[in-house]
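I would like the atomic coordinates for the input below:
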Amino acid sequence: MSVNALPQLHRKRAQHRPLNGGLTHNNTLQTRDDGALWVCKRSLGRNYSGLETEASVYALLTSTRFAQPVELHQSENGQQTLLRPYITGTSMPDWTALNFEQVIHLLKQIHRISAPRHGKVNVPTGLTLNPANHLTAVWRYFRSRTTERAKLTELYHSLHPVLQAHQPLFARVNTFTLNHGDFHPGNLIVTPAQQLVPIDWERAHFGDPAFDLALLNWHSSGPIADSALQTRAIALYSENPAEQTRLKKRVTCWSLLRQFNDYMYLTYNKLKVEKLDQFEHEFAQHLNGLV
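Numbers count the residues shown, from 1 in each chain. Below is the predicted model:
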């Protein structure tokens with residue numbers, strides 16, 4: 001990472017994607033003196049880890065077709081800036097606009113990068129995945145901050161023993177894959193050559209491949225966790241029936257944890273989205289699939 005070494009950049013007004021959005025950064029499109037287009041992502045304070053994670057992931061991707069010559073800069077005032085070349089192409093609104101077999105093949109390519117421990121990309125330290133412990137950590141943080149404590153207490157006590165009962169599935173996972181961590185159509189660029197290129201690696205980590213499969217539908221207008229979509233993804237991801245069964249159970253566990261975590265986050269921050277109205281029904285539906 002270089003300090004105070006940002007190249008000369010010029011703001012470009014254009015309707016390119018990606019330009020704006022994301023939870024932890026401000027994206028703009030810039031041109032350098034040589035005329036090349038670059039995406040410029042800026043972040044401050046608590047958001048440092050996201051840009052540093054993304055820069056680390058691109059270092060891991062050096063030998064893959066997803067490699068990009070990114071630059072991470074930090075100024076004296078504390079602002080971080082990540083630069084990467086603009087990728088010509090478009091992002092799609094939902095999975096139906098994409099070749100889903102191609103999507104899962106892409107995900108498998110990402111998951112070929114692995115580590116003997118799970119956790120942060122820079123320093124993976126964990127040896128055993130434990131969704132039940134993760135659930136408890138989330139609940140301890142939010143339980144005194146939520147206005148829906150009674151309802152969420154009941155949901156927590158219904159989910160925790162189920163995750164504990166399925167812990168043997170996670171104890172068997174001993175090779176941890178690079179997870180994108182925010183895998184949805186908006187984070188995939190379709191190039192003119194019809195190749196898919198993943199972007200926005202700020203939530204990447206080493207973990208269970210089932211985690212990415214559990215995220216497939218959060219950003220769509222449909223259910224939070226679409227069982228039919230997940231089942232199709234699992235069938236494409238593995239042809240081994242026994243592995244498919246294990247994957248399905250782990251995907252459901254991560255889906256439930258993600259639902260609970262996102263509900264806590266959204267309600268705590270008073271963010272209103274339509275998916276909140278579906279939460280209890282979908283939560284019960286997926287929980288019943290494990291019990």
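
contacts and neighbour counts: CA atoms only from here.
Fine.

State the distance from residue 91 to residue 43.
Computed as CA to CA, to the nearest Å, the residue 91 to residue 43 distance reads 23 Å.

With residue 79 instead?
6 Å.

Compare the two and say which one has the larger neighbour count.
A direct count of neighbours by other CA atoms under 10 Å for residue 79 and residue 43 places residue 43 higher, at 20 against 14.

what pairs with that one across the strands?
Beta-bridge pairing for residue 43 (DSSP bridges): residue 80.

Would you mind confirming that it makes contact with residue 75?
No. In this structure, residue 43 is not within contact of residue 75 by CA atoms under 8 Å, at 11.0 Å.

what is in contact with those two at once?
Counting by CA atoms under 8 Å, 6 or more residues apart in numbering, residue 43 and residue 75 have no shared contacts at all.

Got the domain ranges for this protein?
2-85, 95-290 (automatic domain parsing).

I'd like the ones you listed laid out as CSV, including mean pLDDT.
As requested, the domains of the chain are exported to CSV (pLDDT from 0 to 100):
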stretch, mean pLDDT
domain 2-85, 74
domain 95-290, 92
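
Just the helices from the stretch 151-291 of the chain, written as ranges.
When assigned using DSSP state H, counting those that start in this stretch, the helices of the stretch 151-291 of the chain occupy the ranges 167-171, 209-214, 227-237, 241-268, 275-290.

which residues touch the third one?
Residues outside helix 227-237 that contact it (CA under 8 Å, 6+ apart) are 101, 104-105, 108, 213-214, 216-217, 244, 247-248, 251.

Now the buried members of these.
104, 108, 213-214, 216-217, 244, 247-248, 251 (16 or more other CA atoms under 10 Å).

closest to residue 260 among these?
residue 214 (13.0 Å; CA to CA).

Distance check, the nearest residue to residue 226 once chain neighbours are set aside against residue 82.
Take residue 226 and drop its neighbours on the chain: the residue closest to it by CA to CA, 6 or more residues apart in numbering is residue 217, 6.1 Å away. Using CA to CA, residue 217 is found at 27 Å from residue 82.

host element of residue 139?
Using DSSP states H and E, the element containing residue 139 is helix 131-142.

now the angle from that helix to helix 241-268?
Here helix 131-142 points in a direction 0 degrees away from that of helix 241-268 (axes from the mean of the first three to the mean of the last three CA atoms, to 10 degrees).

by contact count, what packs against helix 131-142?
helix 149-165, helix 241-268 (3 or more CA pairs under 8 Å, 6 or more residues apart in numbering; DSSP states H and E).

next one: the last one to chain centre, how far?
Computed by CA atoms, centre = their mean, to the nearest Å, the chain-centroid distance of helix 241-268 equals 13 Å.

Show me which positions of it end up buried.
Applying 16+ other CA under 10 Å to helix 241-268 flags 244, 247-264, 267 as buried.

now stretch 135-155
135, 138-139, 142-143, 146, 152.

Looking at those, spot the one nearest residue 33.
For the buried residues of stretch 135-155, the nearest to residue 33 is residue 138 (46.3 Å; CA to CA).

Now do the contacts for the closest one.
Contacts for residue 138 (CA under 8 Å, 6+ apart) come out as residue 261.

cool, and the one 4 residues further on?
Residues near residue 142 by CA under 8 Å, 6+ apart: 264, 268.

distance of it from residue 87?
Distance from residue 142 to residue 87, by CA to CA: 39 Å.

And residue 281, by the same measure?
For residue 281, the distance to residue 87 - CA to CA - is 39 Å.

Show me which of those two is the more surrounded one.
Taking other CA under 10 Å, residue 281 and residue 87 do not tie; residue 87 has more neighbours (18 against 10).

From residue 171, how far off is that one?
39 Å.

Stretch 88-106: end-to-end distance?
18 Å.

Give me the buried positions along it.
89-91, 94-95, 98, 103-104, 106.

With stretch 162-175 instead?
In stretch 162-175, counting by 16+ other CA under 10 Å, buried: 162-163, 166-167, 170, 174.

can you check stretch 33-40 too?
Applying 16+ other CA under 10 Å to stretch 33-40 flags 37-40 as buried.

okay, those in a markdown table with distance to residue 114 and secondary structure next?
Below are those laid out as a markdown table (distance: CA to CA, whole Å; DSSP: H, G, I helix; E, B strand; the rest coil):
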| residue | distance to residue 114 | secondary structure |
| --- | --- | --- |
| 37 | 32 | strand |
| 38 | 29 | strand |
| 39 | 27 | strand |
| 40 | 28 | strand |
